[in-house]
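> quick check, what structure comes out for this input:
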Amino acid sequence: MAANLDYAFDEYLKARPSESVSAVQSFHEKLRHTTFRFGRFTIPAFYKAFFVTPKQHHLLKRVAAAFHQIINTTTRLYFEEPQLANRFHLAPEAEDLVRIDPGYSRNVVFGRFDALLEGESLKILEFNCDTPIGASYADQLETAFLSEKLVAPFAEENHLAASERVQNILNSLLAVYEEFGGYESPQIAIVDWRHARTHAESEFMKAHFETRGYKSVIADPRELQYRGGKLYHKGFRVHLIYRRVHFDTLVERLDEVQDLIRAYRDKAVCIVNPLRAHLSSNKSIFSLLTNRAFDRFFTDSENQMKKNHLPWSRCVADAEDFYGHRKVFLVDFLKDEKETLVLKPPRSHGPEHVRIGRETPDGDWNAAVDKALKEPGWVIQEYVNVPVVTVPQVVNGKLDFAYKKHNFNMLVFGGKYSGGLVRLSDESVVNVATGGGLMPAVWTDVAPDSFTA
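Below is the predicted model:
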(Lines give C-alpha, C1' and ligand atoms only; values in the text may rest on other atoms or scores of the structure.)
Protein backbone atom coordinates (compact mmCIF):
# COMPACT_ATOMS: atom_id res chain seq x y z
CA MET A 1 0.00 0.00 0.00
CA ALA A 2 1.30 3.44 -0.95
CA ALA A 3 2.03 6.02 1.75
CA ASN A 4 1.11 8.92 -0.56
CA LEU A 5 -2.08 7.98 -2.35
CA ASP A 6 -2.27 11.23 -4.31
CA TYR A 7 1.14 10.62 -5.90
CA ALA A 8 0.41 6.91 -6.26
CA PHE A 9 -2.80 7.55 -8.20
CA ASP A 10 -1.04 9.89 -10.65
CA GLU A 11 1.64 7.24 -11.20
CA TYR A 12 -1.05 4.58 -11.60
CA LEU A 13 -2.61 6.59 -14.46
CA LYS A 14 0.76 7.37 -16.05
CA ALA A 15 1.52 3.64 -16.19
CA ARG A 16 -1.67 3.15 -18.24
CA PRO A 17 -1.70 6.16 -20.60
CA SER A 18 -4.06 4.91 -23.31
CA GLU A 19 -6.57 3.50 -20.80
CA SER A 20 -6.39 6.70 -18.77
CA VAL A 21 -7.09 8.96 -21.76
CA SER A 22 -10.14 6.92 -22.67
CA ALA A 23 -11.34 6.80 -19.05
CA VAL A 24 -10.99 10.55 -18.46
CA GLN A 25 -12.98 11.35 -21.60
CA SER A 26 -15.75 8.80 -20.97
CA PHE A 27 -16.02 9.82 -17.30
CA HIS A 28 -16.97 13.37 -18.24
CA GLU A 29 -19.49 12.07 -20.75
CA LYS A 30 -21.01 9.78 -18.10
CA LEU A 31 -21.57 12.70 -15.73
CA ARG A 32 -23.56 14.55 -18.38
CA HIS A 33 -26.30 11.91 -18.07
CA THR A 34 -26.74 12.19 -14.29
CA THR A 35 -28.25 14.79 -11.94
CA PHE A 36 -24.76 16.16 -11.42
CA ARG A 37 -25.95 19.57 -12.57
CA PHE A 38 -26.03 23.17 -11.43
CA GLY A 39 -28.86 24.85 -13.30
CA ARG A 40 -28.59 23.83 -16.95
CA PHE A 41 -24.91 22.95 -16.75
CA THR A 42 -23.03 19.81 -15.78
CA ILE A 43 -20.74 20.64 -12.86
CA PRO A 44 -17.06 20.48 -13.82
CA ALA A 45 -15.30 17.49 -12.28
CA PHE A 46 -11.98 15.68 -12.48
CA TYR A 47 -11.03 12.03 -12.81
CA LYS A 48 -9.61 11.88 -9.35
CA ALA A 49 -10.50 11.94 -5.66
CA PHE A 50 -8.95 13.78 -2.77
CA PHE A 51 -7.41 10.98 -0.76
CA VAL A 52 -7.89 11.53 2.97
CA THR A 53 -5.27 9.75 5.08
CA PRO A 54 -6.23 7.96 8.30
CA LYS A 55 -4.58 10.72 10.36
CA GLN A 56 -6.46 13.40 8.42
CA HIS A 57 -9.72 11.49 8.82
CA HIS A 58 -9.23 11.34 12.58
CA LEU A 59 -8.41 15.06 12.62
CA LEU A 60 -11.51 15.93 10.57
CA LYS A 61 -13.78 13.97 12.92
CA ARG A 62 -12.36 15.67 16.01
CA VAL A 63 -12.49 19.16 14.52
CA ALA A 64 -16.01 18.66 13.13
CA ALA A 65 -17.42 17.58 16.50
CA ALA A 66 -15.66 20.40 18.35
CA PHE A 67 -16.70 23.19 16.01
CA HIS A 68 -20.28 21.95 15.78
CA GLN A 69 -20.45 22.54 19.53
CA ILE A 70 -18.54 25.84 19.28
CA ILE A 71 -20.91 27.14 16.60
CA ASN A 72 -23.99 26.17 18.60
CA THR A 73 -22.55 27.90 21.67
CA THR A 74 -21.75 31.02 19.63
CA THR A 75 -25.25 31.30 18.20
CA ARG A 76 -26.70 30.76 21.67
CA LEU A 77 -24.78 33.83 22.88
CA TYR A 78 -26.98 35.94 20.60
CA PHE A 79 -29.94 35.13 22.84
CA GLU A 80 -28.14 34.96 26.18
CA GLU A 81 -25.64 37.87 25.98
CA PRO A 82 -27.48 40.99 24.76
CA GLN A 83 -24.25 43.00 24.46
CA LEU A 84 -23.10 40.64 21.68
CA ALA A 85 -26.28 40.80 19.59
CA ASN A 86 -25.19 43.94 17.72
CA ARG A 87 -22.24 42.01 16.25
CA PHE A 88 -24.66 40.14 14.00
CA HIS A 89 -26.07 43.29 12.31
CA LEU A 90 -29.60 41.94 11.86
CA ALA A 91 -32.49 43.96 10.45
CA PRO A 92 -35.66 43.89 12.61
CA GLU A 93 -37.54 41.44 10.36
CA ALA A 94 -34.51 39.11 10.34
CA GLU A 95 -34.19 39.33 14.10
CA ASP A 96 -37.85 38.36 14.47
CA LEU A 97 -37.28 35.19 12.42
CA VAL A 98 -34.17 34.01 14.25
CA ARG A 99 -35.94 34.44 17.59
CA ILE A 100 -38.62 31.89 16.65
CA ASP A 101 -38.12 28.76 18.76
CA PRO A 102 -37.74 25.84 16.30
CA GLY A 103 -38.92 23.28 18.86
CA TYR A 104 -35.58 21.53 19.41
CA SER A 105 -32.28 22.35 21.10
CA ARG A 106 -29.65 22.90 18.41
CA ASN A 107 -29.38 26.16 16.50
CA VAL A 108 -27.30 24.46 13.80
CA VAL A 109 -27.79 20.88 12.61
CA PHE A 110 -26.25 20.97 9.14
CA GLY A 111 -23.02 22.74 8.38
CA ARG A 112 -20.33 22.91 5.74
CA PHE A 113 -17.04 24.14 7.12
CA ASP A 114 -14.93 25.48 4.24
CA ALA A 115 -11.29 24.93 5.08
CA LEU A 116 -7.77 24.57 3.76
CA LEU A 117 -6.31 21.13 4.47
CA GLU A 118 -2.67 20.38 3.78
CA GLY A 119 -1.04 17.49 5.57
CA GLU A 120 -1.91 17.79 9.26
CA SER A 121 -2.70 21.51 8.95
CA LEU A 122 -6.42 22.40 8.87
CA LYS A 123 -7.66 25.99 8.85
CA ILE A 124 -11.38 26.79 8.68
CA LEU A 125 -12.06 29.95 6.66
CA GLU A 126 -15.87 30.03 6.63
CA PHE A 127 -18.87 28.38 8.25
CA ASN A 128 -21.68 27.73 5.77
CA CYS A 129 -24.45 26.72 8.14
CA ASP A 130 -27.58 28.30 6.72
CA THR A 131 -28.33 25.96 3.81
CA PRO A 132 -25.09 24.15 3.00
CA ILE A 133 -25.01 22.39 -0.36
CA GLY A 134 -22.79 19.74 -1.88
CA ALA A 135 -23.68 16.46 -0.17
CA SER A 136 -25.52 14.81 -3.04
CA TYR A 137 -23.05 16.16 -5.60
CA ALA A 138 -20.22 14.55 -3.64
CA ASP A 139 -22.11 11.26 -3.27
CA GLN A 140 -22.82 11.09 -6.99
CA LEU A 141 -19.28 11.97 -7.97
CA GLU A 142 -17.79 9.53 -5.48
CA THR A 143 -20.01 6.68 -6.70
CA ALA A 144 -19.17 7.42 -10.32
CA PHE A 145 -15.44 7.58 -9.61
CA LEU A 146 -15.15 4.47 -7.45
CA SER A 147 -17.23 2.45 -9.93
CA GLU A 148 -14.85 3.22 -12.80
CA LYS A 149 -13.31 0.07 -14.24
CA LEU A 150 -9.85 1.63 -14.24
CA VAL A 151 -10.18 2.93 -10.67
CA ALA A 152 -11.59 -0.23 -9.07
CA PRO A 153 -8.26 -2.14 -8.68
CA PHE A 154 -6.57 0.94 -7.18
CA ALA A 155 -9.48 1.47 -4.80
CA GLU A 156 -9.48 -2.17 -3.68
CA GLU A 157 -5.71 -2.32 -3.15
CA ASN A 158 -5.77 0.85 -1.06
CA HIS A 159 -9.01 0.11 0.83
CA LEU A 160 -10.75 3.29 -0.28
CA ALA A 161 -14.04 3.84 1.54
CA ALA A 162 -17.09 5.81 0.45
CA SER A 163 -19.08 8.17 2.64
CA GLU A 164 -22.86 8.28 2.92
CA ARG A 165 -23.46 12.01 2.98
CA VAL A 166 -27.12 12.07 1.93
CA GLN A 167 -27.96 9.18 4.24
CA ASN A 168 -26.32 11.16 7.04
CA ILE A 169 -28.62 14.08 6.17
CA LEU A 170 -31.63 11.79 6.52
CA ASN A 171 -30.33 10.36 9.80
CA SER A 172 -29.91 13.86 11.21
CA LEU A 173 -33.34 14.98 10.02
CA LEU A 174 -34.99 12.01 11.71
CA ALA A 175 -33.07 12.55 14.97
CA VAL A 176 -34.16 16.18 15.12
CA TYR A 177 -37.74 15.26 14.24
CA GLU A 178 -37.79 12.83 17.16
CA GLU A 179 -36.50 15.53 19.54
CA PHE A 180 -39.10 17.90 18.10
CA GLY A 181 -41.76 15.47 19.30
CA GLY A 182 -42.75 13.97 15.98
CA TYR A 183 -44.43 10.62 16.46
CA GLU A 184 -45.74 9.83 12.96
CA SER A 185 -43.48 8.55 10.21
CA PRO A 186 -42.63 11.94 8.69
CA GLN A 187 -43.54 13.07 5.22
CA ILE A 188 -40.64 15.25 4.08
CA ALA A 189 -40.61 18.42 2.00
CA ILE A 190 -37.32 19.55 0.49
CA VAL A 191 -38.08 23.26 0.33
CA ASP A 192 -36.40 25.45 -2.26
CA TRP A 193 -37.38 28.05 -4.83
CA ARG A 194 -38.90 26.56 -7.97
CA HIS A 195 -36.08 27.58 -10.31
CA ALA A 196 -33.14 27.11 -7.91
CA ARG A 197 -29.99 26.06 -9.74
CA THR A 198 -29.45 23.28 -7.17
CA HIS A 199 -32.76 21.61 -8.09
CA ALA A 200 -30.92 18.54 -9.37
CA GLU A 201 -29.38 18.02 -5.94
CA SER A 202 -32.84 18.18 -4.37
CA GLU A 203 -34.09 15.57 -6.86
CA PHE A 204 -31.29 13.21 -5.89
CA MET A 205 -32.10 13.59 -2.19
CA LYS A 206 -35.82 13.11 -2.75
CA ALA A 207 -35.14 9.84 -4.54
CA HIS A 208 -32.85 8.69 -1.74
CA PHE A 209 -35.32 9.55 1.01
CA GLU A 210 -38.05 7.62 -0.79
CA THR A 211 -35.87 4.53 -1.23
CA ARG A 212 -35.58 4.57 2.58
CA GLY A 213 -39.36 4.60 2.93
CA TYR A 214 -40.05 8.32 3.53
CA LYS A 215 -42.53 9.98 1.21
CA SER A 216 -41.00 13.20 -0.02
CA VAL A 217 -41.72 16.19 -2.22
CA ILE A 218 -39.74 19.15 -3.56
CA ALA A 219 -41.73 22.26 -2.66
CA ASP A 220 -41.44 25.94 -3.43
CA PRO A 221 -42.05 27.76 -0.09
CA ARG A 222 -44.67 29.96 -1.79
CA GLU A 223 -46.77 26.86 -2.53
CA LEU A 224 -47.06 25.73 1.09
CA GLN A 225 -50.47 26.15 2.72
CA TYR A 226 -51.17 26.25 6.45
CA ARG A 227 -54.68 25.26 7.40
CA GLY A 228 -56.26 23.55 10.36
CA GLY A 229 -52.96 23.57 12.23
CA LYS A 230 -51.24 21.51 9.53
CA LEU A 231 -48.90 22.39 6.65
CA TYR A 232 -49.58 21.11 3.14
CA HIS A 233 -48.05 21.17 -0.31
CA LYS A 234 -50.79 20.56 -2.89
CA GLY A 235 -52.59 18.13 -0.58
CA PHE A 236 -49.37 16.50 0.63
CA ARG A 237 -49.16 16.77 4.43
CA VAL A 238 -45.71 18.01 5.50
CA HIS A 239 -44.31 16.97 8.88
CA LEU A 240 -40.62 17.68 8.31
CA ILE A 241 -38.86 20.27 6.13
CA TYR A 242 -35.30 20.04 4.88
CA ARG A 243 -34.73 23.75 4.30
CA ARG A 244 -32.80 24.67 1.15
CA VAL A 245 -33.89 28.29 0.79
CA HIS A 246 -31.39 30.86 2.02
CA PHE A 247 -32.47 32.93 4.98
CA ASP A 248 -31.76 36.21 3.16
CA THR A 249 -34.06 35.32 0.26
CA LEU A 250 -36.82 34.32 2.69
CA VAL A 251 -36.55 37.75 4.30
CA GLU A 252 -36.71 39.42 0.88
CA ARG A 253 -39.92 37.51 0.02
CA LEU A 254 -41.41 37.40 3.47
CA ASP A 255 -44.88 38.45 2.33
CA GLU A 256 -44.96 35.46 -0.08
CA VAL A 257 -44.13 32.77 2.50
CA GLN A 258 -46.36 33.68 5.42
CA ASP A 259 -48.02 30.24 5.63
CA LEU A 260 -44.60 28.64 6.10
CA ILE A 261 -43.59 31.16 8.77
CA ARG A 262 -46.88 30.80 10.68
CA ALA A 263 -46.57 27.00 10.70
CA TYR A 264 -42.98 27.31 11.90
CA ARG A 265 -43.93 29.79 14.62
CA ASP A 266 -46.75 27.50 15.79
CA LYS A 267 -44.44 24.44 15.74
CA ALA A 268 -46.81 22.77 13.31
CA VAL A 269 -43.82 21.65 11.24
CA CYS A 270 -40.22 20.75 12.03
CA ILE A 271 -37.79 22.81 9.92
CA VAL A 272 -34.10 21.88 9.67
CA ASN A 273 -31.85 23.86 9.64
CA PRO A 274 -33.82 26.27 11.85
CA LEU A 275 -33.92 29.88 10.70
CA ARG A 276 -31.62 30.87 13.57
CA ALA A 277 -28.83 28.86 11.89
CA HIS A 278 -28.40 32.01 9.79
CA LEU A 279 -26.49 33.53 12.71
CA SER A 280 -23.62 31.10 12.23
CA SER A 281 -23.06 32.01 8.58
CA ASN A 282 -22.27 35.61 9.43
CA LYS A 283 -18.53 35.98 8.90
CA SER A 284 -18.32 38.44 11.77
CA ILE A 285 -18.52 35.60 14.30
CA PHE A 286 -14.88 34.84 13.42
CA SER A 287 -14.05 38.09 15.19
CA LEU A 288 -15.67 36.73 18.33
CA LEU A 289 -14.15 33.26 18.03
CA THR A 290 -10.56 34.48 17.58
CA ASN A 291 -10.71 37.20 20.23
CA ARG A 292 -9.39 35.94 23.58
CA ALA A 293 -11.71 38.32 25.41
CA PHE A 294 -14.53 35.87 24.63
CA ASP A 295 -12.70 32.67 25.58
CA ARG A 296 -14.69 32.54 28.83
CA PHE A 297 -17.72 31.27 26.92
CA PHE A 298 -15.88 28.14 25.76
CA THR A 299 -14.06 25.20 27.35
CA ASP A 300 -10.27 24.98 27.45
CA SER A 301 -10.27 22.28 24.76
CA GLU A 302 -12.57 24.37 22.54
CA ASN A 303 -10.30 27.40 22.94
CA GLN A 304 -7.34 25.25 21.90
CA MET A 305 -9.31 24.07 18.86
CA LYS A 306 -10.05 27.68 17.91
CA LYS A 307 -6.39 28.60 18.29
CA ASN A 308 -5.26 25.66 16.15
CA HIS A 309 -7.81 25.81 13.35
CA LEU A 310 -9.05 29.40 12.88
CA PRO A 311 -7.04 32.18 11.23
CA TRP A 312 -6.92 35.48 13.11
CA SER A 313 -10.02 37.49 12.14
CA ARG A 314 -11.66 40.77 13.14
CA CYS A 315 -14.67 42.78 12.09
CA VAL A 316 -13.44 45.95 10.44
CA ALA A 317 -15.67 47.85 12.86
CA ASP A 318 -13.73 46.65 15.91
CA ALA A 319 -10.34 45.80 14.41
CA GLU A 320 -8.73 48.72 16.16
CA ASP A 321 -8.78 46.57 19.30
CA PHE A 322 -5.78 44.31 18.89
CA TYR A 323 -3.73 42.45 16.29
CA GLY A 324 -1.78 39.96 18.35
CA HIS A 325 -1.04 42.14 21.35
CA ARG A 326 -0.44 45.39 19.48
CA LYS A 327 -2.84 48.31 19.43
CA VAL A 328 -3.28 49.33 15.79
CA PHE A 329 -4.64 52.26 13.86
CA LEU A 330 -7.02 50.61 11.43
CA VAL A 331 -6.38 52.33 8.09
CA ASP A 332 -2.59 52.23 8.49
CA PHE A 333 -2.80 48.60 9.54
CA LEU A 334 -4.85 47.60 6.49
CA LYS A 335 -2.32 49.27 4.19
CA ASP A 336 0.84 48.13 5.98
CA GLU A 337 -0.31 44.51 6.39
CA LYS A 338 -1.98 44.22 2.98
CA GLU A 339 0.17 41.26 1.92
CA THR A 340 -0.98 39.19 4.91
CA LEU A 341 -4.70 40.01 4.90
CA VAL A 342 -7.99 39.11 3.23
CA LEU A 343 -11.10 41.33 3.22
CA LYS A 344 -14.49 39.61 3.25
CA PRO A 345 -18.03 41.03 3.08
CA PRO A 346 -20.44 39.91 5.82
CA ARG A 347 -22.85 37.65 3.95
CA SER A 348 -21.75 37.21 0.34
CA HIS A 349 -22.35 33.65 -0.88
CA GLY A 350 -19.85 33.99 -3.73
CA PRO A 351 -16.19 34.92 -4.12
CA GLU A 352 -16.66 38.05 -6.20
CA HIS A 353 -16.31 40.53 -3.33
CA VAL A 354 -13.48 38.80 -1.43
CA ARG A 355 -10.17 40.63 -1.73
CA ILE A 356 -6.83 38.89 -1.14
CA GLY A 357 -4.31 41.60 -0.32
CA ARG A 358 -1.28 40.09 -2.04
CA GLU A 359 -3.27 39.51 -5.23
CA THR A 360 -5.17 42.82 -5.33
CA PRO A 361 -3.76 46.04 -6.89
CA ASP A 362 -3.34 48.84 -4.36
CA GLY A 363 -6.11 50.94 -5.89
CA ASP A 364 -8.65 48.12 -5.74
CA TRP A 365 -7.56 47.23 -2.22
CA ASN A 366 -7.99 50.81 -1.01
CA ALA A 367 -11.44 50.95 -2.61
CA ALA A 368 -12.41 47.70 -0.83
CA VAL A 369 -11.09 49.11 2.46
CA ASP A 370 -13.13 52.27 1.98
CA LYS A 371 -16.26 50.17 1.35
CA ALA A 372 -15.56 48.01 4.40
CA LEU A 373 -15.19 51.06 6.64
CA LYS A 374 -18.60 52.37 5.59
CA GLU A 375 -20.64 49.14 5.69
CA PRO A 376 -21.16 47.03 8.84
CA GLY A 377 -20.04 43.44 9.07
CA TRP A 378 -16.93 43.35 6.86
CA VAL A 379 -14.20 41.07 8.17
CA ILE A 380 -10.40 41.20 8.03
CA GLN A 381 -8.83 37.75 8.07
CA GLU A 382 -5.28 36.50 8.16
CA TYR A 383 -4.21 35.09 4.78
CA VAL A 384 -3.68 31.32 4.71
CA ASN A 385 -1.71 29.76 1.88
CA VAL A 386 -3.95 27.86 -0.56
CA PRO A 387 -2.67 24.32 -1.27
CA VAL A 388 -2.29 22.86 -4.75
CA VAL A 389 -3.14 19.44 -6.14
CA THR A 390 -2.55 17.77 -9.53
CA VAL A 391 -5.50 16.60 -11.63
CA PRO A 392 -5.47 14.48 -14.81
CA GLN A 393 -6.58 15.94 -18.11
CA VAL A 394 -6.34 15.10 -21.79
CA VAL A 395 -4.34 17.51 -23.94
CA ASN A 396 -3.99 16.82 -27.68
CA GLY A 397 -5.08 13.25 -27.13
CA LYS A 398 -2.48 12.57 -24.44
CA LEU A 399 -2.62 12.24 -20.68
CA ASP A 400 -1.42 15.34 -18.89
CA PHE A 401 -1.72 16.88 -15.43
CA ALA A 402 -2.73 20.37 -14.33
CA TYR A 403 -2.13 22.13 -11.02
CA LYS A 404 -5.23 23.41 -9.24
CA LYS A 405 -5.71 25.33 -6.02
CA HIS A 406 -8.24 23.72 -3.72
CA ASN A 407 -10.19 23.96 -0.51
CA PHE A 408 -11.64 21.21 1.62
CA ASN A 409 -15.33 21.36 2.50
CA MET A 410 -16.18 19.47 5.68
CA LEU A 411 -19.80 18.32 5.80
CA VAL A 412 -20.89 18.26 9.44
CA PHE A 413 -24.35 16.82 10.11
CA GLY A 414 -25.78 16.36 13.59
CA GLY A 415 -22.43 17.06 15.21
CA LYS A 416 -20.43 14.51 13.21
CA TYR A 417 -18.07 14.66 10.24
CA SER A 418 -20.18 13.22 7.43
CA GLY A 419 -17.76 13.22 4.54
CA GLY A 420 -16.24 15.96 2.46
CA LEU A 421 -15.84 17.39 -0.98
CA VAL A 422 -13.07 19.41 -2.54
CA ARG A 423 -13.51 22.44 -4.77
CA LEU A 424 -10.74 23.30 -7.21
CA SER A 425 -9.92 26.43 -9.14
CA ASP A 426 -7.19 28.37 -10.89
CA GLU A 427 -7.79 31.22 -8.43
CA SER A 428 -6.88 31.60 -4.75
CA VAL A 429 -10.51 32.43 -3.95
CA VAL A 430 -11.59 28.94 -4.93
CA ASN A 431 -14.50 29.08 -7.33
CA VAL A 432 -15.61 26.14 -9.45
CA ALA A 433 -16.58 28.52 -12.26
CA THR A 434 -13.00 29.78 -12.74
CA GLY A 435 -11.22 26.87 -14.39
CA GLY A 436 -12.11 24.49 -11.60
CA GLY A 437 -14.32 21.65 -10.57
CA LEU A 438 -15.15 19.19 -7.81
CA MET A 439 -13.60 16.07 -6.34
CA PRO A 440 -15.04 13.79 -3.66
CA ALA A 441 -13.04 13.29 -0.48
CA VAL A 442 -12.40 9.55 -0.27
CA TRP A 443 -10.73 8.02 2.76
CA THR A 444 -8.94 4.78 3.44
CA ASP A 445 -10.20 2.63 6.31
CA VAL A 446 -6.78 1.07 6.91
CA ALA A 447 -5.04 1.95 10.18
CA PRO A 448 -2.02 4.28 9.91
CA ASP A 449 0.49 1.58 10.88
CA SER A 450 -0.53 -0.40 7.78
CA PHE A 451 1.14 2.14 5.51
CA THR A 452 4.59 1.57 4.17
CA ALA A 453 7.10 4.31 3.49
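
> distance-wise, check Ile71 relative to Val24.
As defined by CB to CB, to the nearest Å, Ile71 lies at a distance of 39 Å from Val24. Every residue, glycine included, has its C-beta placed from N, CA and C.

> which one of those two has more residues nearby?
For Ile71 versus Val24, neighbours defined as other CB atoms under 10 Å are more numerous around Ile71 (24 against 21).

> in the strand ranked longest in the chain, which residues are buried?
Counting by DSSP state E, the longest strand found in the chain is strand 398-413. Of the residues in strand 398-413, those buried under the neighbour-count criterion (16 or more other CB atoms under 10 Å) are Leu399, Lys404, Lys405, His406, Asn407, Phe408, Asn409, Met410, Leu411, Val412, Phe413.

> go on, stretch 78-92?
Along stretch 78-92, these residues count as buried under the neighbour rule (16+ other CB under 10 Å): Tyr78, Leu84, Arg87, Phe88, His89, Leu90.

> contacting residues for the last one?
Just to be clear, that refers to Leu90. Residues in contact with Leu90 (CB atoms under 8 Å, 6 or more residues apart in numbering) are Val98.

> returning to what we had before: name the strands paired with the longest strand of the chain and say parallel or antiparallel.
strand 110-118 (antiparallel), strand 388-395 (antiparallel), strand 416-425 (antiparallel) (DSSP bridges).

> those strands: which one's closest to Val269?
Proximity of those to Val269 was assessed by CB to CB; the nearest stretch is strand 110-118, lying at 16.9 Å.

> quick one: residues in contact with stretch 210-225.
Counting contacts by CB under 8 Å, 6+ apart, the residues touching stretch 210-225 from outside are 167, 170, 185-194, 199, 202-203, 205-206, 209, 231-234, 236, 238, 245, 250, 253, 256-257, 259-260, 263.

> which of the residues you listed fall in helices?
With helices taken from DSSP state H, the overlap with these comprises Gln167, Leu170, His199, Ser202, Glu203, Met205, Lys206, Phe209, Leu250, Asp259, Leu260, Ala263.

> quick one, which of the residues you listed are buried?
Those of the ones in helices among the contacts of stretch 210-225 that meet the buried threshold are Gln167, Leu170, His199, Ser202, Met205, Lys206, Phe209, Leu250, Asp259, Leu260, Ala263, by 16+ other CB under 10 Å.

> so which two of those are the farthest from each other?
Within those, two members stand farthest from each other by CB to CB: Gln167 and Asp259, at 30.5 Å.

> pLDDT value on Val446, please?
Here, the pLDDT recorded for Val446 equals 67.

> same check, this time on Thr452
38.

> do Ala319 as well
Per-residue confidence at Ala319 stands at 56 (pLDDT).

> what packs against the host helix or strand of Val442?
Assessed by DSSP states H and E, Val442 sits inside strand 437-444. If contacts are counted by 3 or more CB pairs under 8 Å, 6 or more residues apart in numbering; DSSP states H and E, strand 437-444 sits against strand 50-52, helix 54-80, helix 135-146, strand 160-161, strand 398-413, strand 416-425.

> now do the contacts for Ser428.
Ser428 makes contact with Ile356, Glu359, Val386, Lys405, according to CB under 8 Å, 6+ apart.

> go ahead and build a ChimeraX selection from the buried members of the residues you listed.
Restricted to buried positions by 16+ other CB under 10 Å, the ChimeraX selection for the contacts of Ser428 reads:
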select :356,386,405
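
> would you turn the contacts of Ser428 into CSV with pLDDT and distance to Thr42?
Below are the contacts of Ser428 laid out as CSV (pLDDT from 0 to 100; distance: CB to CB, whole Å):
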residue, pLDDT, distance to Thr42
Ile356, 92, 29
Glu359, 90, 29
Val386, 93, 25
Lys405, 93, 22
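
> I'd like the contacts of Ser428 as CSV, with distance to Gly111 and secondary structure appended.
Compiled in CSV, these are given as follows (distance: CB to CB, whole Å; DSSP: H, G, I helix; E, B strand; the rest coil):
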residue, distance to Gly111, secondary structure
Ile356, 24, strand
Glu359, 28, helix
Val386, 22, coil
Lys405, 23, strand
